[in-house]
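[1] Sequence first, then the predicted structure, then my questions.
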Amino acid sequence: MHRSVSLLLNIAHAIDHLFLLIFATAVAAIAQDFGLARWEDLMPFGAGAFLLFGLGSLPAGKLGDQWGRRQMMLVFFFGMGASALLIATSRGPWPLAAALTLMGAFASIYHPVGIPMLVQHATKPGAAIGLNGLAGNLGIAAAAVVTGFLVEHAGWRVAFVVPGLACLLCGALFWWRAPRESEPPAQRTRRASVQLAPGQLARVLAVMTLASASGGLIFNLTTNGNGLMLGERWTALAGDPSTLGLLLGAVYAVASVAQVVVGRLIDRYPLKPLWLAIVLAQVPMLFFAAVAPGAWAWLALLGSMIFIFGAIPFTDATVVRYVDDRLRSRVSGVRLAISLAISSTAVWALGPAVKAAGFGTLFAGMGGVALCTASILLLLPGEPTKDNP
């Protein structure tokens, strides 16, 4: 694959996560503009975007395998750009919710289509997935930094317009640089690197989906709530969205490097012990974040996000290692439709949960969810070795 196409696919991952978090970063300003007393009352209106982000993965994956991944990525770029501009025109909570939900439908394309397209010819898929994960999480960091800056200096609507126009430009570049596919992926014959019996493969995919759902719940709760939690704990930052955005961006930028390290380790070592160690490391950090005050809360978030981001590459690596290329978009679509539909409830529940119990209880609960994820991973079968094929 040409380097410019790989670069655009990685940028698309950054766009995907950036767009999904603009609303959470700007929600306080949007609520004030709409005349709502509390941001918690507006937050549930963003749940539709994350619900479609999950459910839309199923048809997106099927179309990616049977119609073509290049065509679907063009739909992604132009659909995301247009929906961001539509969000910027919203004049109330319900029009905003509809536009965000439309954006979620287009956002659902990337993971089941873009990542299989990126790794379909990769000799070191773990490293490619790790770098791609870094790009996605830099998009999360950009959501905190860029959105905070634009909201403070130009308003929340401009915070959607600027990324929307940039996305349309990337779509034009992808159309120009990405070569047309000679056949749809469903007609390819390339086999997975590890072949398992059907029963073992079904077990791997079930464990992967459940672990992805519980891990996604933690991911959505943290990335949507970190800024609000930090503003509450570190009161000096509450009225300074630019500084708050820079501190959050630093957390996400540093934590993103974990994905590159984990991606390289995945190419060298079995998945199960690595995945289990990363998830177990989340538990003490989330419990620390539940009680940490002031600047300690920032350090707790940094430690938590390093291991939360570090766990992300494992699901895509599992698909690459065990699933033939002709099926990868469809398998990813099914996994994402289930796991993201479950984890999307975090966006709906975040505001009411914090309003009722506070961030301390929320982060302690996430520590418990991480323990559940670790127990699920214990069910993964061992991988074939030279001594035990």
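    Perfect, thanks for sending it. Residues are numbered from 1 along each chain as shown.
[2] For the closest residue to Ile22 other than its chain neighbours, give me the pLDDT.
    Leaving aside its chain neighbours, Ile22 sits nearest to Thr147 (5.1 Å; criterion: CB to CB, 6 or more residues apart in numbering). (Glycine included, C-beta is placed from N, CA and C.) On the pLDDT scale, Thr147 is placed at 86.
[3] Let me know the secondary structure of Thr147.
    helix (DSSP: H, G, I helix; E, B strand; the rest coil).
[4] what bits of this structure have low per-residue confidence?
    1, 189-194, 196, 236-239, 344, 347, 383-389 (pLDDT under 70).
[5] now the strands for it?
    Along the chain, no segments are classed as strands by DSSP state E.
[6] For the stretch 151-300 of the chain, just list every one of the helices.
    156-177, 198-233, 241-266, 271-291, 294-310 (DSSP state H, counting those that start in this stretch).
[7] how about a markdown table for those helices, with mean neighbour count and distance to Ala349 added?
    Output for the helices of the stretch 151-300 of the chain, formatted as a markdown table (neighbours: other CB atoms under 10 Å; distance: least, CB to CB, whole Å):
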| stretch | mean neighbour count | distance to Ala349 |
| --- | --- | --- |
| helix 156-177 | 18 | 23 |
| helix 198-233 | 21 | 8 |
| helix 241-266 | 21 | 21 |
| helix 271-291 | 21 | 17 |
| helix 294-310 | 22 | 18 |
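[8] Quick one: these as CSV, columns for distance to His13 too.
    Output for the helices of the stretch 151-300 of the chain, formatted as CSV (distance: least, CB to CB, whole Å):
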stretch, distance to His13
helix 156-177, 11
helix 198-233, 14
helix 241-266, 11
helix 271-291, 20
helix 294-310, 13
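[9] contacting residues for Cys170?
    Leu8, Ile11, Ala12, Ile15, Phe77 (CB atoms under 8 Å, 6 or more residues apart in numbering).
[10] Once you drop chain neighbours, what's closest to the fourth one?
    Residue nearest to Ile15 in three dimensions, not counting chain neighbours: Cys167, with 5.5 Å by CB to CB, 6+ apart.
[11] who's in contact with the one you found?
    Here Cys167 is in contact with Ile15, Phe19, Phe77, Met80, Gly81, Ala84 (CB under 8 Å, 6+ apart).
[12] Ile266: which of the residues you listed is nearest?
    Ile266 lies nearest to Ile15 out of the contacts of Cys167, by CB to CB, at 24.4 Å.
[13] That closest one: neighbouring residues, count only.
    Using other CB atoms under 10 Å, Ile15 has 28 neighbouring residues.
[14] about what we covered before: I'd say the residue nearest to Ile22 and Gly245 touch.
    Yes: using CB atoms under 8 Å, Thr147 is in contact with Gly245, at 6.8 Å.
[15] So for those two, which residues contact both of them?
    Taking CB under 8 Å, 6+ apart as the criterion, Thr147 and Gly245 both touch Thr25.
[16] From Asn220, how far off is the residue nearest to Ile87 when sequence neighbours are not counted?
    Among residues not flanking Ile87 along the chain, Ala99 sits closest, at 4.3 Å (CB to CB, 6+ apart). Separation of Ala99 from Asn220 (CB to CB, to the nearest Å): 20 Å.
[17] likewise Ala206?
    Relative to Asn220, and taking CB to CB, Ala206 is found at 21 Å.
[18] Contacts only, for Ile218.
    Gln282, Leu286, Ile308, Met366, Val369, Ala370, Thr373.
[19] And for Gly46?
    Phe23, Ala24, Val27, Ala97, Leu100, Val347.
[20] Among the residues you listed, which are located in helices?
    Phe23, Ala24, Val27, Ala97, Leu100, Val347 (DSSP state H).
[21] from those, which two are the most distant?
    Ala24 and Ala97 (13.8 Å).
[22] Between those two, point out the one with more neighbours.
    Ala24 (23 against 19).
[23] from what I can see the more buried one touches Thr222, true?
    No: using CB under 8 Å, Ala24 is not in contact with Thr222; the gap is 10.7 Å.
[24] Would you mark the buried spots in stretch 322-339?
    322-323, 325-339 (16 or more other CB atoms under 10 Å).
[25] And that stretch, how far out from the chain middle?
    Here the centre of mass of C-alpha atoms in stretch 322-339, compared against the chain's by CA atoms, centre = their mean, to the nearest Å, lies 16 Å away.
[26] What of stretch 350-357?
    22 Å.
[27] So which residues make contact with that stretch?
    Contacts of stretch 350-357 (CB under 8 Å, 6+ apart): 38-44, 221, 224-225, 228, 361-362.
[28] Columns distance to Gly133 on top of these, output as a markdown table?
    Output for the contacts of stretch 350-357, formatted as a markdown table (distance: CB to CB, whole Å):
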| residue | distance to Gly133 |
| --- | --- |
| Arg38 | 34 |
| Trp39 | 29 |
| Glu40 | 30 |
| Asp41 | 34 |
| Leu42 | 30 |
| Met43 | 26 |
| Pro44 | 29 |
| Leu221 | 19 |
| Asn224 | 19 |
| Gly225 | 21 |
| Leu228 | 24 |
| Thr361 | 29 |
| Leu362 | 25 |
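[29] Out of the residues you listed, name the two that are farthest from one another.
    Counting by CB to CB, the most remote pair of these is Leu42 and Thr361, 21.5 Å apart.
[30] Between the two, which has more neighbouring residues?
    Legend: neighbour count by other CB under 10 Å for Leu42 and Thr361, higher for Leu42 (22 against 13).
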